[in-house]
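Peer 1: Test case, fold it:
(one chain, ligands or ions: 1)
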Amino acid sequence: MKIGIMGAMEEEISLFHNKIKVLSQETIGLRNYSIGKLHNRDIVLTFSRWGKVAAASTATTIIEQFGADIIVFTGVAGAASKSLGIGDVVVATEAMQYDMDISALPGFERFEIPLLGLSRFPFSEKYVEMAVESARNYLSETLKKELDRETLDEFGILKPKVATGLIASGDRFIADNSSIEKLAELLPDLQCIEMEGGSVAQVCYEHNIPLLLVRTISDRADHSAVINFSAFIKKVAPYVTFGVIDDFIKKV
Ligand code: ADE
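Peer 2: As a prediction, the model looks like this:
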């Protein structure tokens, strides 16, 4: 099985570079793809860049050029659910694009992806369960060994938890209360928002390739989002994203 690993930011996949035994590298469309082995699995690792178009085109390359059998997409997200805090991990059971809206045209619902007749892409229960277990192991056993008390206190990370549910993507960094509250009202089961997962979900759906989408909460998409996000991606995200996905890859 060949596993494509993607992060939208360099920080989100930085630790993978040291752990993967790289056999070759290729540059296609401004992305560098590292081809190699991790836990004896065939891996293609890349940094997709930000936003839905960047991520979708990267996912297409991973599938078409490198023949990935599954894509694992990891990174950070802003919380939409009030029950989530910074440091919690969300494993998506479904993903959508919250900025897709052609409901002005007759016969289309808001958020519906044109011609596919659906607005949410569902994910394999088997991979969700495996990733939940990996995330629980990491958060309960490894996180406190890798990060010092001062860093955990800075983000108010006490007892981080794992949640499952809907992740929604749009081409916007949300950093105000009213925007995130409006979205949470429109989509009451929404867990968190980011800028890529829903587009990669569409590519994987269209190619019939499974996707695992895992996000660690870096901020609350509110007035403090920019500060929290910027610090979190440097100090915490690399450890959680690597720890969870590394364990998942051992099992897949
Ligand atoms: N990824 C992490 N935090 C985010 C936010 N507040 N908005 C969009 N994407 C994000």
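Peer 1: Which helix or strand contains Gly67?
Peer 2: Gly67 is part of no helix or strand, with elements assigned from DSSP states H and E.
Peer 1: Lys2 is in contact with that one, correct?
Peer 2: Yes - using Cβ atoms under 8 Å, Gly67 is in contact with Lys2, at 5.7 Å. Using the backbone N, CA and C atoms, a C-beta is placed for each residue, glycine as well.
Peer 1: Same drill for those two, tell me which one is more crowded.
Peer 2: Lys2 (15 against 11; other Cβ atoms under 10 Å).
Peer 1: Surely the more buried one is in contact with Phe66?
Peer 2: Yes - between Lys2 and Phe66 there is a contact under Cβ under 8 Å: 6.9 Å.
Peer 1: Report the set of residues contacting both of those two.
Peer 2: Common contact partners of Lys2 and Phe66 (Cβ atoms under 8 Å, 6 or more residues apart in numbering): Val44.
Peer 1: Please read off the pLDDT at the residue of the chain found nearest the ligand from the model.
Peer 2: Taking Cβ to the nearest ligand atom, the ligand has its nearest neighbour within the chain at Gly78, 3.0 Å off. For Gly78, the pLDDT comes out at 98.
Peer 1: which non-adjacent residue is nearest it?
Peer 2: Nearest residue to Gly78, sequence neighbours excluded (Cβ to Cβ, 6 or more residues apart in numbering): Ala221, at 3.2 Å.
Peer 1: Where does that neighbour sit: helix, strand or coil?
Peer 2: coil (DSSP: H, G, I helix; E, B strand; the rest coil).
Peer 1: tally of neighbours for it?
Peer 2: 28.
Peer 1: neighbouring contacts of the helix or strand containing Thr164?
Peer 2: Under the criterion DSSP H and E, the helix or strand holding Thr164 is strand 162-169. With Cβ under 8 Å, 6+ apart as the test, strand 162-169 has contacts from 52, 77, 80-81, 83-84, 88-98, 120, 128, 132, 135-136, 139, 183, 187, 189-199, 213, 215.
Peer 1: I'd like to know which of those residues are buried.
Peer 2: 52, 77, 80-81, 84, 88-98, 120, 128, 132, 135-136, 139, 183, 187, 190-199, 213, 215 (16 or more other Cβ atoms under 10 Å).
Peer 1: pretty sure Asp88 contacts Ile217?
Peer 2: Yes - the pair Asp88 / Ile217 is scored as a contact, 4.8 Å apart, by Cβ under 8 Å.
Peer 1: Now list whatever residues contact both of these two.
Peer 2: With Cβ under 8 Å, 6+ apart as the test, Asp88 and Ile217 both reach Ala79.
Peer 1: follow-up on the earlier one: quick check, pLDDT for the residue nearest to Gly78.
Peer 2: 98.
Peer 1: now swap in the one 4 residues further on and tell me
Peer 2: In the predicted model, Ala225 carries a pLDDT score of 97.
Peer 1: residues near it, how many?
Peer 2: Around Ala225 there are 20 residues (other Cβ under 10 Å).
Peer 1: contacting residues around it?
Peer 2: Counted by Cβ under 8 Å, 6+ apart, Ala225 has contacts Gly78, Phe173, Ile174, Ala175, Asp219.
Peer 1: If we use 7 Å, what do you get?
Peer 2: Gly78, Ile174, Ala175, Asp219 (Cβ atoms under 7 Å, 6 or more residues apart in numbering).
Peer 1: Got phi/psi on the third one?
Peer 2: Pointing back at Ala175 there. phi -140, psi 40 (degrees, to the nearest 10).
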